[in-house]
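Engineer: below are the sequence and a predicted model for it; my questions follow.
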Amino acid sequence: MMKAGVISLQQSIPFNLEQLIPFIKVETIENTEGLFIVRSTYRKTNLKLPIKMLDSVKQLAEQEDITISQWVECVINQALKQM
C-alpha cells in the first residue's frame with residue numbers, strides 16, 4: 001500500500017521509474033523534477049454512530065487485524081457490489 005506524501009527513492013531500486021508509470025492511477029501521483037508526489041485518493045469524513053455499534057465495528061476490525069476505516073470501506077464496497 002502506498003500512502004500520500006513525499007519520499008525519496010534510492011538509486012538501487014530494481015526497476016526504473018518509467019517502468020512504474022503505466023501502473024499509476026491517473027492523477028494520484030505527480031512526477032515533478034524526478035520526485036514522485038503521491039496524492040491521496042481518499043477524502044476524510046465523520047460518521048455519527050451509536051456507541052454500541054461503534055464498539056462492535058471496532059471489535060470486528062480488530063479480529064481481522066485492520067483499522068476501523070478499512071473495515072468500513074470493505075463493508076461499503078460489499079454493499080455497493082450488491083446494488
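Structural biologist: Perfect, thanks for sending it.
Engineer: care to break this protein down by domain?
Structural biologist: Using automatic domain parsing, the domains assigned to the chain come out as 5-38, 51-81.
Engineer: least confident of the ones you listed, on average?
Structural biologist: Note on those: domain 5-38 shows the lowest mean pLDDT, a mean of 64.
Engineer: how much space separates residue 59 from residue 53?
Structural biologist: Distance from residue 59 to residue 53, counting by CB to CB, to the nearest Å: 11 Å. Glycine gets a C-beta too; all of them are placed from N, C-alpha and C.
Engineer: how about residue 45?
Structural biologist: 17 Å.
Engineer: same deal with residue 64?
Structural biologist: Distance of residue 64 to residue 53, computed by CB to CB: 17 Å.
Engineer: show me where this structure has strands.
Structural biologist: 5-6, 29-32, 35-38 (DSSP state E).
Engineer: report all helices and strands that the second one contacts.
Structural biologist: Here strand 29-32 touches strand 35-38, going by 3 or more CB pairs under 8 Å, 6 or more residues apart in numbering; DSSP states H and E.
Engineer: please repeat the previous calculation with a cut-off of 10 Å.
Structural biologist: In this structure, strand 29-32 packs against helix 17-20, strand 35-38, with contacts taken as 3 or more CB pairs under 10 Å, 6 or more residues apart in numbering; DSSP states H and E.
Engineer: helices of this protein, start to end?
Structural biologist: 17-20, 51-63, 68-81 (DSSP state H).
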